[in-house]
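**Student:** Predicted model and sequence follow; I will ask about them next.
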Amino acid sequence: MTAAGGPRIAALNEAAEAEGLKPGGSLADARAQAQSLQVRTVDPVADSAALRRLALWATRYTPTASPWSEENGADGFFLDIEGAAHLFGGEEMLIADLASRLQQNFSLPARLAVAATPGTAWALSRFHAAPLTVLPSGEEAAALAPLPVEALRLSAETCTALRRLGFKSVGALLDQPRAPFAARFPTEFLRRIDQALGRVDEPLVPIVAPPVYHSLRYLLEPIFTQEAVVALAGRLMHALVHVLTRDDVGARALRLSLYRVDGAVETIDIGLTLPTRSVSHIARLLELKLEALAAMQDAGFGFEAVGLAVTRAEPMPARQTEFNVDRHPEMLAPNANLEERRPGLASFAGHLGWPPQDDDDVERCAALIDALRQRLGPHSVLQFEAVASHIPERAEILSPVDGEAFQSPSSARKRSTAKSRRVESSGTNGEERASHDEASEQTTRPLLLLPRAEPTEVTALVPDGPPRRFCWRGVTYEVAGAQGPERIASEWWRLRTPHSSAHSRGSGNPAVNLEENLGSQQALTRDYYLVEDAHGHRFWLYREGLYERETTAARWFVHGLFA
Amino acid sequence: MTQPSALSVIRNRAAVAEELRRLLPRLEEDFRAAKTLPLGLSVIDRHLPRGGLPCGALHEIVPETHGATPAAFGFIAALLIRLSTPALWGEVGIAACSPPPYGEGSGVGVGRLDAGLDALLQPHDPPPFSPPHGGREKGKLFFVMPRYVRSPGRLHGHGLSALGLDPARVILVETAHRKDTLWAMEEALRSRVPQAVAGMIDKLDLKLSQRLQLAAADAGRPLLLLRPAPTLESSATTTRWRIGTATAARDRFGLIARARWHLTLERCRNGRPGEWMVEYDHVAHRFSLAAALADPALSRGAGEEAFRKTRRA
């Protein structure tokens, strides 16, 4: 948590509390107090997501679960157990069960309270001595009276003002006339009192579970063959299509579960480049996956049930499709080879030479990439991505093709700007993206880049001159002409030690890390030469280190090959 | 005597040629509808069936030595660039009636006639400064790169960009086995998504090459296949190019201006083999003849000469 005067402590674990640290204290003080302090930056987004998941889990007790908003502290949730408590043997049994499950499943020590109003339950769970409290209805005022004023969920300013006025506990406030308070404090103050005592309703916002897209089929006779599994999966997907269409979403990831007769379950995960609702496409991907896995070998006595679940759904707005009879058979038919041999389509293939890049093509491209990925592995279909760096090996990364990459060519610019914006917002560790156009204008870059520069023995006339002869991979090349140098300095803002980032992330002892980094050597300046030998082989060589300024024994490397 | 009008002779020959052109390939297969990609260099295009590289076909590119592999990559990139720039495409109609491959310079008269035919019927070279980026942001190009084949390096996007190919259009597919490599190529072709598929393979027998050729023909997309250096065995490929290195063309400051390759058209179905020294201009996306029939050593550092040779072409 960052605030004026340096980072502050947002939350602590038990060990830290035992050291005597307090939330809100400054990090520097805490470091001085506890030597082996481990620090993580607070992430409110992840916290609220985790709380949401926990609240969803808690819907096993009652359908109405409401995670606490920011003003409630955002560290717990309300459960409306009206009419649900008897299912667990009463309110005491319910919260005992809840506490033990939280401890067992999530190792979360919980403070729970049951009361007639959310406000009182909140106050008791926070400030009551016992971790588990059940308050009979009608005793709110009496139970609240000994608690401090913070138990009313007031803002920090209001609490401070009340304490200055001498009101330490809730009981002192309840007896006072309302009018002076209404004049001096925000309306929030009286509303909170009324809510705690049940004079005003406090509506809860129940959490809505995300829709579950899942279909399951039990079989009378177990199935064995791959064809049967694929056909059945196709039927399951067909059942899901209606639901997906209704919600305007498409599947980005699917999981097929095969329940074997002997009780074992096999799962097959499928990822897609673009959201889809196409039955045939998914059936084909499954087929490829099953072929690659050869899962059929351990089918045992067969599968008695098959389930298909959409594990990741993404919005997929309806769009107008082109009424083009010729194109659809090849797009929809999973094995279109026979169709393609039709003479009508063969002539159409010539006509297809330059199809406009419309949604249809985007979809087919995504389908192809999905298919390749299913068989070859998730990191086998790659695209070039330029990075804003002038160090050649850093200037580009190969990243798996994502769905945005070929959405539509006209939005390519928009996409790149959006991407860079996202990188900026995501934090400091993201590399700035660049485009190949900007980067490689008026520069010579080799067609083939060696994965890592290979050292070479070079003979040069002068130490800082172009090479005359060099030996690489056991062959000696006589240099007929050299072009350069192109001087590329190291990125001084990047420290050379590859582990530095890992160390500082661990943040065990940052001060020492910093010293190490300063002591480490900076990367050396490189002089790149485009070198051609007498036979026309063109190389990209560089000399590492400026002669007599950075080093006296410059080393040479081969870094790339030109066409 | 009445002069035998050159025009009528031309028409006769053109008619005969057209007749032959129509009959000959029909014996093998029907690829009248298929497109062809002219290299934009009439000297080479004359050797190719119907004035260009057939589009729905397998083309093998073999480096002369292992050291020429980057040059072979460069040639593939150049073909991909020309392929994806529609402005550089010859009209199918004109390309379809290019003259039959007669011997060059077999007689003065014929030679003149050939020249006349050339002027009339050849797909014209595109103007040297045709907008090279007219065909940008078109379909994808798939490059199937086997991880297990020893390659001198990996493709560099900035290098592709320097040659004139937009790296955003290239999708690399990495494979771990030969079986996967072949499957990926065939899958990409059959889907008809990419405009062209390029790839590398270590070994290929006749049967597999037939299969790839069929896949390319069905899809109407070219498959450019880079094979390792001493590839001598027969295959069902439509063309086989052997690429050798050559010293680059230099500008008047002695800097490398254009890459130069020694091209050998070793096999060509319905065409003739040939041998040329070409240079590739990455700005205009254009091949030109560097030093035809000359010793490669002569062309070194001779910008003037290259210019003369280009004009001759």
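**Tutor:** Received it, and whenever you're ready, just let me know what you need.
**Student:** drop to CA atoms for contacts and neighbour counts, all remaining ones
**Tutor:** Fine.
**Student:** What strand or helix carries residue A:217?
**Tutor:** strand A:213-223 (DSSP states H and E).
**Student:** Name the surrounding residues that touch the next helix or strand after that strand.
**Tutor:** Following strand A:213-223 in sequence order, the next helix or strand is helix A:226-246 (DSSP H and E). With C-alpha atoms under 8 Å, 6 or more residues apart in numbering or on different chains as the test, helix A:226-246 has contacts from A:213-217, A:223, A:250-251, A:256, A:277-280, A:282-283, A:286-287, A:290, A:296, A:306-308.
**Student:** give me that answer again for 7 Å
**Tutor:** A:213, A:215, A:250, A:277, A:279, A:283, A:286-287, A:296, A:308 (C-alpha atoms under 7 Å, 6 or more residues apart in numbering or on different chains).
**Student:** again, but for stretch A:60-69
**Tutor:** The contact list for stretch A:60-69 (C-alpha under 7 Å, 6+ apart) reads A:51-52, A:55, A:58-59, A:74-81, A:84, A:204-207.
**Student:** Please repeat the previous calculation with a cut-off of 10 Å.
**Tutor:** Contact with stretch A:60-69 is made by A:48, A:51-59, A:74-85, A:87-88, A:94-95, A:97-98, A:122, A:204-209, as judged by C-alpha atoms under 10 Å, 6 or more residues apart in numbering or on different chains.
**Student:** what comes up buried for that stretch?
**Tutor:** A:61, A:63-68 (16 or more other C-alpha atoms under 10 Å in any protein chain shown).
**Student:** what do you get for stretch B:141-149?
**Tutor:** B:141-147, B:149.
**Student:** Ok, stretch A:303-321 next?
**Tutor:** Buried-residue list, stretch A:303-321, by 16+ other C-alpha under 10 Å: A:303-314, A:316.
**Student:** Okay, and which of those map to strands?
**Tutor:** A:303-314 (DSSP state E).
**Student:** any chance of those in JSON lines, with distance to chain B and pLDDT too?
**Tutor:** Putting these into JSON lines (distance: C-alpha to the nearest C-alpha, whole Å; pLDDT from 0 to 100) gives the following:
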{"residue": "A:303", "distance to chain B": "29", "pLDDT": "87"}
{"residue": "A:304", "distance to chain B": "32", "pLDDT": "88"}
{"residue": "A:305", "distance to chain B": "32", "pLDDT": "89"}
{"residue": "A:306", "distance to chain B": "29", "pLDDT": "90"}
{"residue": "A:307", "distance to chain B": "29", "pLDDT": "90"}
{"residue": "A:308", "distance to chain B": "26", "pLDDT": "90"}
{"residue": "A:309", "distance to chain B": "27", "pLDDT": "89"}
{"residue": "A:310", "distance to chain B": "26", "pLDDT": "89"}
{"residue": "A:311", "distance to chain B": "26", "pLDDT": "86"}
{"residue": "A:312", "distance to chain B": "25", "pLDDT": "85"}
{"residue": "A:313", "distance to chain B": "25", "pLDDT": "85"}
{"residue": "A:314", "distance to chain B": "24", "pLDDT": "84"}
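**Student:** would you turn those residues into TSV with distance to residue A:399?
**Tutor:** Shown next, in TSV, are those (distance: C-alpha to C-alpha, whole Å):
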residue	distance to residue A:399
A:303	38
A:304	40
A:305	38
A:306	34
A:307	32
A:308	29
A:309	28
A:310	25
A:311	23
A:312	21
A:313	23
A:314	21
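**Student:** Closest one to residue A:24 out of those residues, please.
**Tutor:** residue A:312 (38.5 Å; C-alpha to C-alpha).
**Student:** who's that closest one bridged to?
**Tutor:** residue A:253 (DSSP bridges).
**Student:** Could you measure from it over to residue A:214?
**Tutor:** 11 Å (C-alpha to C-alpha, to the nearest Å).
**Student:** Return every residue with contacts to both of the two.
**Tutor:** A:254-255.
**Student:** looking at it, residue A:388 is touching residue A:394, isn't it?
**Tutor:** Yes. Contact criterion C-alpha atoms under 10 Å: residue A:388 and residue A:394 qualify, at 8.3 Å.
**Student:** Thanks a lot, catch you later.
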